[in-house]
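Undergrad: From the sequence below, what's the structure:
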Amino acid sequence: MKNNLKEYTPGTSRVEAFSDGVFAIVVTLLVLEIRVPHLPEDFTTQTVISELFHMSPKFISFALSFFVVAIFWVNHHQLLQSMEKTDRSFLWYNNFLLFWISFIPFPTAFIGEYPLGMIPVMFYGSILFMAAFSFNIMLRHVVKSNLFYSTVSKEVIRQSIKKGKIGPVIYFVSVITAFVSVYISLAVFVLVPVFYFIPQKIVRTDTE
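TA: Below is the predicted model of the structure:
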């Protein structure tokens, strides 16, 4: 007797809702790491300005990480909107990505406290590498398992995969270059989000 059982492939609505919740919590945790400075009772304007200046690495690390998380969210949202269905493997690939995304607040606080420390810089780069890597393998699974709408442009998908390789490679390089100069690594952290600011379009080619 022929077995006609097939894996149930639900839509993307619940995955997107859960993921959006995680992204929202992550950006909230990022800002919670910035604490109001302790000032003496007789503080002056100069004292406040001085304290805020000393906190500038924390402000910068927050802004950078918020920008990075926002780009991941935009690309993640666009990917799910282009998918017709999911499967069990995709759910775990997505959870793998969210694991690394949700961990970003810790290295953000770490590098904000010690912006020129080699270990904090390497640690920050490593987490971003894993987040970029996990998104890349999730995208590859979507393509391999044919989870996109049938009308999605195959050429644009190939371009997206090609572009997706760049992030993990550059973040890996940032970790290695920290041995030479943390300034090079910090420059990479700024340049990569700029490169991915405009997400690769995954468009549909209507045939009707």
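Undergrad: my guess is F59 contacts E33, does it?
TA: No. Judged on CB atoms under 8 Å, F59 makes no contact with E33 at a distance of 10.7 Å. No exception for glycine: its C-beta is placed from N, CA and C like everyone else's.
Undergrad: ok, for F179, nearest residue in space, not its chain neighbours?
TA: Distances taken as CB to CB, 6 or more residues apart in numbering place M118 nearest to F179, at 7.1 Å, with adjacent residues excluded.
Undergrad: roughly how far apart are that neighbour and I104?
TA: For M118, the distance to I104 equals 19 Å [CB to CB, to the nearest Å].
Undergrad: Same drill for the two, tell me which one is more crowded.
TA: Set M118 next to I104 and count neighbours by other CB atoms under 10 Å: I104 wins out with 22 against 14.
Undergrad: and the more buried one, what is it in contact with?
TA: By CB atoms under 8 Å, 6 or more residues apart in numbering, the contact set of I104 is V26, L30, S65, V68, V69, I127, L128, A131.
Undergrad: Would you mind pointing out the helix or strand the residue nearest the centre of the chain falls in?
TA: Centroid-nearest residue in the chain, with CA atoms, centre = their mean: F72, separated by 3.9 Å. Assigned by DSSP states H and E, F72 falls within helix 56-81.
Undergrad: before we move on, what about P107?
TA: Assessed by DSSP H and E, P107 sits inside helix 105-113.
Undergrad: do the same with F123
TA: Element membership of F123 [criterion: DSSP H and E] is helix 118-144.
Undergrad: That helix: which residues count as buried?
TA: Neighbour-count burial for helix 118-144 flags 120-136, 138-139, 141-142 (criterion: 16 or more other CB atoms under 10 Å).
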